[in-house]
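Visitor: just the structure for this:
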Amino acid sequence: MLHANLSYSSKFVTTNQLKSSIMSKHHQILIIGGGTAGIMVASKIKRERPKVDIGLIDPADTHYYQPAWTLVGAGTFNYKKTARTMSSVIPKGVSWIKDFAVSFDPEKNTVKTETNGDISYDFLVVAPGLVMEPSMIEGLPEALGKGVVCSNYTDPEHTWKVLQNFKGGNAVFTQPGTPIKCGGAPQKTAYLSSDYLRKKGLLDKSNVFFATPGTIIFGVPEIKRTLDKVLDRYGINFRPFHKPIRIDAENQKIYYQYTGKDGLADDDKLGVKVLEDKVVEMHFDMLHLAPPQAAPKFVRESSLVNDGGWVDVDKYTLQHVKHKNIFSLGDVAGLPTAKTGAAIRKQVPVVVKNLYNIIDSGEITDLAYDGYSSCPLVTAYGKMVLAEFDYDNNFTPDPKLKQMLVFDSSKEHWRLWMLKKYGLPYLYWNKMMKGVDV
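Guide: Predicted coordinates for the structure are as follows:
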């Protein structure tokens, strides 16, 4: 799945590098974030209105195509091919402010940066993505990326090593109670890992768990029917209502808060114990998880966010509910849909068109984002389901899939696997990053 970049999760550049940048202190359009959303908005505007003055704030040297990290973690995609230099994806004519945004002053139309001070704007697009917050689960910061605890979200190459070294036992796949980018990614990893174990003759020697705070495997009924069969095929122990709260890496145990109503019971054979207050202890010989995630600190501590800590925008226009010259899209936006790059693909034209209309006439258009998102659910090596849906979880498959001879994308298909492995990376680098609507 297409995701926003990891720019604000850590400091990739030195102070000297930041000071070496020479830039204007004011831009007609200022974009925060050089991930999928920020680059797409900048590229589309520059293609259509080359003379518009755009500044883009992002400190990272590298832009990653993160949708392929699920495949990297399964040993079927080269990690190096997911990375390109930030300078190569920022469109020509855009002023790159290689710095960290640290705060907003929307009343004065300024963004404060770490090294370059205040940058003012006429219009602001907030798209820094989200950040990993492993400290929200006790013991996770110490465990993540070490031994048998792995995550495709942070180090997919380590995931592949852990999978290769796994010889049987409890393989636990899980996700946190927070929103995450690509909500389907943790279960995709469970499916690919199960298929790998099947190929190696280890599936019968393994107990594969998929534990999630959610209530069902997927919210779109057509997709759920297929995934229920996938769970059965691999014998995956699906455990809903399980919110991870603590990891004991030394003793290889993960603890969940159970939020369901049904009774729980110990299972010594599976290494599962029910403790007080509906806390479930589960032994693991391999643990893959998505870390908890949140908006970057400078965003969630600002006046721009809703009660959940995400930028407070109208879900149809993507315009801030209070500040009419501010828009937000991508993972950081407070939208009731999945946080995916496919969603960004549909959000960008709405934001750009609304910007044009405000610039030209002072009013936004009636063009609306319908909540479209997409989740390419890889279910095996060579098989994939494509979940496309809107705000109401209606299944909305792209009619263009019929040109690929895919007539029901809610079913597993090898052509969809080819789309995931080859087609989508091509479209990402050569169309989306260039500002071309796809």
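Visitor: tell me which helix or strand of the protein sits lowest on mean pLDDT?
Guide: helix 15-19 (a mean of 37; mean pLDDT, DSSP states H and E).
Visitor: ok, then the element right after it?
Guide: strand 26-32 (DSSP states H and E).
Visitor: which strands and helices sit next to that next one?
Guide: The contact analysis (3 or more Cβ pairs under 8 Å, 6 or more residues apart in numbering; DSSP states H and E) places strand 26-32 against helix 36-48, strand 54-57, strand 117-126. Just so you know, the C-beta spots here come from the backbone N, C-alpha and C atoms, and that holds for glycine as well.
Visitor: can you name the next helix or strand after the helix ranked longest in the chain?
Guide: Counting by DSSP state H, the longest helix found in the chain is helix 341-361. Later in the chain than helix 341-361, the nearest helix or strand by DSSP H and E is strand 373-380.
Visitor: what residues does that next one touch?
Guide: For strand 373-380, contacts defined as Cβ atoms under 8 Å, 6 or more residues apart in numbering pick out 1, 67, 70-71, 182-184, 187-188, 191-192, 195, 218, 223, 226-227, 230, 337-338, 340, 342-343, 384-390, 412, 416-417, 419-420, 424.
Visitor: same thing with stretch 102-114?
Guide: Against stretch 102-114 from outside (Cβ under 8 Å, 6+ apart): 18, 30, 32, 57, 97, 99-101, 118-122, 124, 298, 301-304, 322-323, 325-326.
Visitor: residues of it that come out buried?
Guide: When burial is assessed from 16 or more other Cβ atoms under 10 Å, stretch 102-114 yields the following buried residues: 104, 106, 109-111, 113-114.
Visitor: next one: stretch 162-179
Guide: Under 16+ other Cβ under 10 Å, the buried positions of stretch 162-179 are 162-163, 166, 168-179.
Visitor: swap in stretch 401-414?
Guide: With burial defined by 16+ other Cβ under 10 Å, the residues of stretch 401-414 counted as buried are 401, 406, 409-413.
Visitor: output stretch 62-79 as PDB, nothing but the C-alphas.
Guide: This file holds the C-alpha atoms of stretch 62-79, laid out as PDB (Å, rounded to 0.1, in the frame of the first residue of the first chain):
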ATOM      1  CA  THR A  62      15.600   9.900   1.400                       C
ATOM      2  CA  HIS A  63      12.100   9.200   0.100                       C
ATOM      3  CA  TYR A  64      10.800   5.600   0.500                       C
ATOM      4  CA  TYR A  65       8.200   3.700  -1.400                       C
ATOM      5  CA  GLN A  66       6.900   1.900   1.800                       C
ATOM      6  CA  PRO A  67       4.200  -0.200   0.200                       C
ATOM      7  CA  ALA A  68       6.900  -2.600  -1.000                       C
ATOM      8  CA  TRP A  69       8.200  -3.100   2.600                       C
ATOM      9  CA  THR A  70       5.600  -5.900   3.100                       C
ATOM     10  CA  LEU A  71       7.200  -7.700   0.200                       C
ATOM     11  CA  VAL A  72      10.800  -6.900   1.500                       C
ATOM     12  CA  GLY A  73       9.800  -8.600   4.800                       C
ATOM     13  CA  ALA A  74       8.800 -11.700   2.800                       C
ATOM     14  CA  GLY A  75      12.000 -11.800   0.800                       C
ATOM     15  CA  THR A  76      10.400 -11.000  -2.500                       C
ATOM     16  CA  PHE A  77      11.500  -7.300  -3.100                       C
ATOM     17  CA  ASN A  78      14.800  -5.500  -2.900                       C
ATOM     18  CA  TYR A  79      14.800  -3.000  -0.100                       C
END
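Visitor: quick one: average confidence on that stretch?
Guide: Stretch 62-79 shows an average pLDDT of 98 in the prediction.
Visitor: next: stretch 415-430.
Guide: What stretch 415-430 shows for mean pLDDT is 98.
Visitor: domains of this structure?
Guide: 7-130+295-371, 133-289 (automatic domain parsing).
Visitor: and the last one, how far out from the chain's middle?
Guide: Its chain's C-alpha centre and that of domain 133-289 lie 18 Å apart, by Cα atoms, centre = their mean, to the nearest Å.
Visitor: in this structure, what residue spans correspond to helices?
Guide: 15-19, 36-48, 69-72, 86-89, 140-143, 156-165, 185-199, 221-234, 297-300, 341-361, 414-418, 424-430.
Visitor: can you list these in a markdown table and add distance to W310?
Guide: Shown next, in a markdown table, are the helices of the chain (distance: least, Cβ to Cβ, whole Å):
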| stretch | distance to W310 |
| --- | --- |
| helix 15-19 | 27 |
| helix 36-48 | 13 |
| helix 69-72 | 23 |
| helix 86-89 | 24 |
| helix 140-143 | 22 |
| helix 156-165 | 26 |
| helix 185-199 | 19 |
| helix 221-234 | 25 |
| helix 297-300 | 8 |
| helix 341-361 | 14 |
| helix 414-418 | 30 |
| helix 424-430 | 24 |
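Visitor: out of the ones you listed, which is closest to D262?
Guide: helix 221-234 (17.9 Å; Cβ to Cβ).
Visitor: what's the angle from that closest one to strand 373-380?
Guide: 20 degrees (axes from the mean of the first three to the mean of the last three Cα atoms, to 10 degrees).
Visitor: tell me what the residue nearest the centre of the chain is bridged to.
Guide: Nearest residue to the geometric centre of the chain (Cα atoms, centre = their mean): K181, 2.2 Å. Under DSSP bridges, the beta-bridge partners of K181 are K339.
Visitor: ok, K46 - how many residues close by?
Guide: 19 (other Cβ atoms under 10 Å).
Visitor: what's the answer for E276, then?
Guide: 5.
Visitor: for it, what are its contacts?
Guide: Contacts of E276 (Cβ under 8 Å, 6+ apart): none.
Visitor: give me the pLDDT value at the residue lying farthest from the centre of the chain.
Guide: Of all residues in the chain, D268 has its C-alpha farthest from the mean position, at 35.5 Å, by Cα atoms, centre = their mean. On pLDDT, D268 comes in at 93.
Visitor: if I look at it, how far off is V274?
Guide: Distance of D268 to V274, given as Cβ to Cβ, to the nearest Å: 12 Å.
Visitor: please apply the same query to G139.
Guide: Applying Cβ to Cβ to G139 and V274 gives a distance of 20 Å.
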